[in-house]
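Asker: all I have is the shape, not the residue letters:
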């Protein structure tokens, strides 16, 4: 058994099943972003529904932000690498994300919120991940938490690899937020050139990496900057080993699939068309987000 802080010994690392470049698009009031995990990949990467990467030092590409919009049926995890973004929602929550902070929001049965930049110049960079909720949890009350950079658990390996633990557990260090049903793992891994990092993964959990600085390799496959590598579900593999040939930053994200129907209509993710129609009616009637 691996002791806290000790490097795990894997029998075999997962391999990269395929590389994904993502789709350039805009959302909100014209914010430019790359949609890395798109709707066609939702079943393959269940329980994850979407990953957006945003990064620009041109205020015209982010300044209008994301005015009031609804969500139902899932959770959003926003990781702000650089910049300042204010959150407000219909449940009375309010907060400002700054460099290195994480916002975790459970939309549950319904919430209306806004995300507006609190800067007029400089770099705005980060990620938003959508994590599905099980059918039995989609009607839960909304929840919101700001996880400050200084509060996020982190570790540094003997090879100088720094790991920020946003969700799940890494080498005996637990994240501030855990989800038993979907078992999400969300690590931001900073690898110096020439270093490697290994992380155990349950073979049944879906997993992917996203490189946002430098480049890394997994086995014989390079995962260059701004590429997602979907990791193969190999029952013989008990984790993944990531190697950097230059300084690199990579997200490692994994979770236990729900195996339930996924029906998405814009900002709503339910299990059936009837539930989507009901959600749309509640939104039109002004009842969504009224707790």
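Answerer: Everything's here; your move. In this text the structure is predicted, and so the values were computed from the model without any measurement.

Asker: what mean pLDDT does the host helix or strand of residue 32 get?
Answerer: Assigned by DSSP states H and E, residue 32 belongs to strand 31-37. Summarised as a single mean, pLDDT over strand 31-37 is 94.

Asker: who are the packing partners of that strand?
Answerer: Judged by 3 or more C-beta pairs under 8 Å, 6 or more residues apart in numbering; DSSP states H and E, the packing partners of strand 31-37 are strand 23-27, strand 48-56. The C-beta positions use only the backbone N, C-alpha and C, and glycine is treated the same way.

Asker: contact partners for the most centrally placed residue in the chain?
Answerer: Of all residues in the chain, the one closest to the mean position by C-alpha atoms, centre = their mean is residue 129, 3.1 Å from it. By C-beta atoms under 8 Å, 6 or more residues apart in numbering, the contact set of residue 129 is 37, 48, 50, 51, 76, 77, 78, 79, 186, 253.

Asker: now with 6 Å?
Answerer: Remark: with contacts taken as C-beta atoms under 6 Å, 6 or more residues apart in numbering, residue 129 is in contact with 51, 77.

Asker: tell me how far the helix or strand that contains it lies from the chain's centre.
Answerer: Per DSSP H and E, residue 129 falls inside strand 124-132. Relative to its chain's centre, strand 124-132 lies at 5 Å (C-alpha atoms, centre = their mean, to the nearest Å).

Asker: stretch 133-140: which residues count as buried?
Answerer: By neighbour count, and taking 16 or more other C-beta atoms under 10 Å as the criterion, the buried residues in stretch 133-140 are 133, 137, 138.

Asker: quick one: the first one from residue 49, how far?
Answerer: With distances defined as C-beta to C-beta, to the nearest Å, the gap from residue 133 to residue 49 amounts to 10 Å.

Asker: identify the contacts common to the two.
Answerer: Here residue 133 and residue 49 share the contacting residues residue 74, scored by C-beta under 6 Å, 6+ apart.

Asker: got a pLDDT number for the nearest residue to residue 100 once chain neighbours are set aside?
Answerer: Leaving aside its sequence neighbours, residue 100 sits nearest to residue 149 (C-beta to C-beta, 6 or more residues apart in numbering; 3.1 Å). pLDDT, the model's per-residue confidence, is 96 for residue 149.

Asker: residue 117 is in contact with residue 65, correct?
Answerer: Yes: with the criterion set as C-beta atoms under 6 Å, residue 65 and residue 117 qualify as a contacting pair; they are 5.1 Å apart.
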